[in-house]
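*Asks:* Make a model of this:
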Amino acid sequence: MTTLLFRKLFLYCLIFSLCAAKAQAAIEFSFTTGDAVNLTQTLASDSNKCPTNGPLAAYVGGIVSNTGTVTETGIEASFTGLTGSFVLTGSQSPTIAVGSLAAGDSIMVAWHVDFPCDTSKKSGTPPSTNPTITITDDTLNTSSATLTLTSRNAISANAGGNVASTTLGAGAIIGQTITADIIYDFGGNAVDDEFFVQPAGNTDFDASCLRLIGSEVTSSNVTAAPVGTLDTLYFTSPTSQSGNNYFIGVRYFFTYLCADTTSTARPYAVQTSGNTNIKYTGNYDGAAALTFDFPVSSNPFILSKTASETALIEGGGPHVVTYTVALENPSSFDSVIDVFSDSLPTGASFVAIDSNSDVTPANSGSVPSNGDTGTLTFSGLTGSSYAIAGGSTLNLIYSVNIPDSVGDYVNAASASVAGSVLDSASATVNVGVAEISATKSVSLYDPDGLGGYMIPGSDVVYTFTLENTGNFPIDADSIVLIDKLPETVTFFGGNFDPAITDMGPLLVDLGTSGLTCCANFGEVDYSNTTSGPAVYGYTPTTSYDADTTYLKLTPGGEFEPNTTVTISFRARIK
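*Replies:* Predicted coordinates:
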């Protein structure tokens, strides 16, 4: 029975093509700063004057590749197991957050390692260590290599790869990749001779803020190092080349990870001499040494955040608000941003990325999913996004569900490179209630304070009091107040205060309400209709007008919360 079921399922898959291969995730690490077969790397120290002369630092690393068919996320590279006097230069972290790699993409990871002098002339054993480079991702895929690093005696010689020229690219801002072009001048070589090229042999180079992320052979007449070779600092010669004047031009790519950073790099090279000896750059030390000085980096970025709605009425939900996080790069240099993040307020949830957003699922390693809460993270693809050109602005636009409960909902967004926050900004959405009250009172018109009674022939003052008792502004131009005059009074259409010319019949106190009303008969209308619906457009006389039957007030502007307005008019008791 089981065999028959299997055959039927197999046939069904063949006929209907339902057995397509599942998308696979895979990461691989290739050692490219030393011998990839034996996983060894020689570190050249001066045989006579170490540590006074010669290099005492080198890059160790290789290429991280996504060999699968789907984007890899959460990739980290760690460098552990250094022992003795082999240590990471300065304040470098042993872990590099690579981030996300699209299928088929790769990037170089490398650590700047300080190493000791070779004392084997006395002890007989060169110092060595066996660190391990491990690559992981957030699905627990792993690739690793355990290396043997050995400090070996070398002599300084022109044939060991003199530095012929150094050229540094323009820059620099945080997140920018800056180029360093170096041409090394070598002597002749035999089959299987080794070449090591290094951009910085000095132990005071700031490798924690200037991360090496790649290299490319840009020019070469050395058969061991073909033009176009990427992310490789070690070569072996397939043929012999006699004589001199052999050159390898290498372009190194460094990314600024910190602002206010500067450093000097002293490049060098190492070449096999004879069967087992090695030589290093002849002009590494002294007045002839060529270096390159990285300029001081800066953080020019300006982040702003706006919301499509900042004031919402409770009970009108669900509320979907669109946020725009705009990152401006006012410098003239291009940069790449690693991550945007946004801390949602309690009760809020992510909906979707807007179609007008520069940050999209297609150019991201990972983005939030519908319904996500807490801190939202938008992660770019390593080395390619989120690119922001000099003088331009990158917009992240997305929508969020805001709870239908009274309160201030604050979202704080930030942009970062390698964990360094460039800038942050927040936007506040208020969910409130709109409550308006209106009262009407009457009092004796007694401007001189003489006292009296509300009897026929006396003037009285009717006062409307409007109050916004909620915590939410009333929509602009939405208030309409209609009053029908009692038949026992006659409306006074002259100046409310006879001493003020052109005052009009209304006494208005708008306070801090934000409203506008009633100046020179503006935003007020009258009717003389005695039966049926009121028809407005009537103009009262500028004295006591017995025909006025209705007043309609339509204040303009937005009525701010917790404010009060009073509007008064006079009438005579018949």
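*Asks:* show me the residues around Gly282 that make contact.
*Replies:* Neighbour list for Gly282: 156-160, 162 [criterion: Cβ atoms under 8 Å, 6 or more residues apart in numbering]. C-beta: built from backbone N, CA, C; applies to glycine.
*Asks:* wouldn't Gly81 be in contact with Thr132 here?
*Replies:* Yes. Counting by Cβ atoms under 8 Å, Gly81 does reach Thr132; the two are 4.9 Å apart.
*Asks:* any shared contact partners between these two?
*Replies:* Applying Cβ under 8 Å, 6+ apart, one finds that Gly81 and Thr132 are jointly contacted by Thr146.
*Asks:* Low-confidence bits of the chain, can you list those?
*Replies:* In the predicted model of the chain, residues 1-25, 275, 519-522 satisfy pLDDT under 70.
*Asks:* where exactly do the helices run in it?
*Replies:* Along the chain, the segments classed as helices by DSSP state H run 2-16, 120-123.
*Asks:* which parts of stretch 132-139 are buried?
*Replies:* By neighbour count on 16 or more other Cβ atoms under 10 Å, the buried set for stretch 132-139 is 133-137.
*Asks:* Please disregard the earlier target; I meant stretch 142-152.
*Replies:* 143, 147, 149-152.
*Asks:* quick one: contacts of it?
*Replies:* 27-29, 31, 34, 38-45, 60, 62, 64, 81, 86, 113, 115-118, 120, 126-136, 278.
*Asks:* and those residues, which of them are in strands?
*Replies:* 27-29, 31, 40-45, 60, 62, 64, 113, 128-129, 132-136, 278 (DSSP state E).
*Asks:* and the contacts of Gly282 as a markdown table, adding distance to Ala170?
*Replies:* Putting these into a markdown table (distance: Cβ to Cβ, whole Å) gives the following:
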| residue | distance to Ala170 |
| --- | --- |
| Ser156 | 32 |
| Ala157 | 34 |
| Asn158 | 31 |
| Ala159 | 34 |
| Gly160 | 31 |
| Asn162 | 26 |
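*Asks:* Please name the residues that touch the most centrally placed residue in the chain.
*Replies:* Geometric centre of the chain, nearest residue: Ala415, 2.3 Å, by Cα atoms, centre = their mean. Ala415 makes contact with 301, 303, 325, 327, 337, 339-340, 421-424, according to Cβ under 8 Å, 6+ apart.
*Asks:* Filter the contacts of stretch 142-152 down to the buried ones and express that as a ChimeraX selection.
*Replies:* Entered in ChimeraX, the line below selects the buried ones among the contacts of stretch 142-152, by 16+ other Cβ under 10 Å:
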select :27,29,31,34,41,42,43,44,45,60,62,64,86,113,115,116,117,118,126,127,128,129,131,133,134,135,136,278
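*Asks:* beta partners for Ser399?
*Replies:* Judged by DSSP bridges, the bridge partners of Ser399 are Thr322, Ala352.
*Asks:* Count the residues that sit near it.
*Replies:* A count of nearby residues for Ser399, using other Cβ atoms under 10 Å, gives 16.
*Asks:* before we move on, what about Ser364?
*Replies:* Other residues within reach of Ser364, judged by other Cβ under 10 Å, total 21.
*Asks:* Can you verify my assumption that it contacts Leu381?
*Replies:* Yes. Judged on Cβ under 8 Å, Ser364 makes contact with Leu381 at a distance of 6.8 Å.
*Asks:* where do the contact lists of these two overlap?
*Replies:* Residues within reach of Ser364 and of Leu381 at once, by Cβ under 8 Å, 6+ apart, are Ser100.
*Asks:* And Val535, how close does it get to Leu481?
*Replies:* Val535 sits 18 Å away from Leu481, going by Cβ to Cβ, to the nearest Å.
*Asks:* Please read the previous query as pertaining to Asp334.
*Replies:* Distance of Asp334 to Leu481, computed by Cβ to Cβ: 59 Å.
*Asks:* And for Asn38?
*Replies:* For Asn38, the distance to Leu481 - Cβ to Cβ - is 91 Å.
*Asks:* and which of the buried residues of stretch 142-152 is nearest Thr512?
*Replies:* Checking the buried residues of stretch 142-152 against Thr512 by Cβ to Cβ gives Ser143 as the nearest, at 66.3 Å.
*Asks:* Report the beta-bridge partners for the closest one.
*Replies:* Going by DSSP bridges, Ser143 forms beta bridges with Ile135.
*Asks:* now swap in Thr490 and tell me
*Replies:* Taking DSSP bridges, one finds Arg572 as the beta-bridge partners of Thr490.
*Asks:* Might one say that it is in contact with Tyr544?
*Replies:* Yes. Using Cβ under 8 Å, Thr490 is in contact with Tyr544, at 4.9 Å.
*Asks:* hmm, back to that, can you flag the buried ones in the contacts of Ala415?
*Replies:* Neighbour counting over the contacts of Ala415 (16+ other Cβ under 10 Å) leaves 301, 303, 325, 327, 337, 339-340, 422-424 as the buried ones.
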